[in-house]
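Trainee: I would like the atomic coordinates for the input below:
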Amino acid sequence: MRYLTFALAKGRLAEQTMELFESAGYPCEQMKEKSRKLIFVNEDLKLKFFLAKASDVPTYVEYGAADIGVVGKDTILEERRNLYEVLNLGFGSCRMAVAGPIDSKEKLNKSCNLRVATKYPNIASDYFYHKKKQTVEIIKLNGSVELAPIVGLSEVIVDIVETGSTLKENGLVVLEEICPISARMVVNRVSMKMQYERITKLIEAVKEKLG
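Mentor: From the prediction side, this is the model:
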């Protein structure tokens with residue numbers, strides 16, 4: 001039997017995923033050991049796990065280097081990879097939103113040429129160009145996007161919002177909500193056909209634990 005390989009987004013998401021998998025009967029003891037290993041194996045169940053940067057997880061899954069991935073919906077929307085999204089795991093909940101100073105609300109409603117700073121240019125362009133039919137200039141940033149409206153680089157930002165406290169501290173508010181975000185399980189299209197029984201069995205076991 002070949003290994004079933006999982007790509008997990010590093011950090012808290014991976015920890016929560018492994019807790020869930022373990023409760024569903026898919027543990028990996030090697031991942032609990034402190035080591036510099038890159039691949040973690042459960043020989044009995046023929047499972048392999050590796051940790052990757054969140055934005056790389058959909059790529060590993062699309063190209064078949066991993067059969068299954070667990071990553072945030074924000075990354076799936078931004079990366080636009082060709083894969084199956086099979087399960088909403090529910091944790092890591094937050095929302096994608098347009099935020100800015102309260103007085104930029106008016107500008108948002110007029111179709112004047114706004115500048116939008118974001119780490120998510122694909123999500124932002126899809127929202128403004130296709131949903132709102134609005135012309136905007138999108139500025140890609142990699143660091144703290146909250147800074148952009150404060151220093152005058154942009155009128156608004158598109159970013160993930162959890163509690164909203166970072167926005168509040170910087171004099172910004174949520175102006176429009178784009179979509180809810182949480183951890184999702186994705187599957188490689190070929191793996192779904194070739195390993196259909198094993199993968200659906202795993203999905204059902206995880207679903208049961210999610211209630």
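Trainee: I figured Ala65 hits Thr5, correct?
Mentor: Yes. Assessed by CB atoms under 8 Å, Ala65 is found in contact with Thr5 at 7.3 Å. (Glycine included, C-beta is placed from N, CA and C.)
Trainee: more crowded one of the two?
Mentor: Thr5 (22 against 15; other CB atoms under 10 Å).
Trainee: Enumerate every residue touching that one.
Mentor: Thr5 is in contact with 47-50, 65-68, counting by CB atoms under 8 Å, 6 or more residues apart in numbering.
Trainee: and it, how far is that from Glu62?
Mentor: As judged by CB to CB, to the nearest Å, Thr5 and Glu62 stand 13 Å apart.
Trainee: With Val86 instead?
Mentor: Here Val86 is placed at a distance of 14 Å from Glu62 (CB to CB).
Trainee: now do Asp159
Mentor: According to CB to CB, Asp159 and Glu62 sit 25 Å apart.
Trainee: thinking again about what came up before, which two in the contacts of Thr5 are spaced the farthest apart?
Mentor: Of all pairs drawn from the contacts of Thr5, the greatest distance, 15.0 Å, lies between Leu47 and Ala65 (CB to CB).
Trainee: tell me the mean pLDDT for the biggest helix by length in the chain?
Mentor: Looking across the chain with DSSP state H, the single longest helix is helix 196-210. Summarised as a single mean, pLDDT over helix 196-210 is 96.
Trainee: I'm done for today, thanks for sticking with me.
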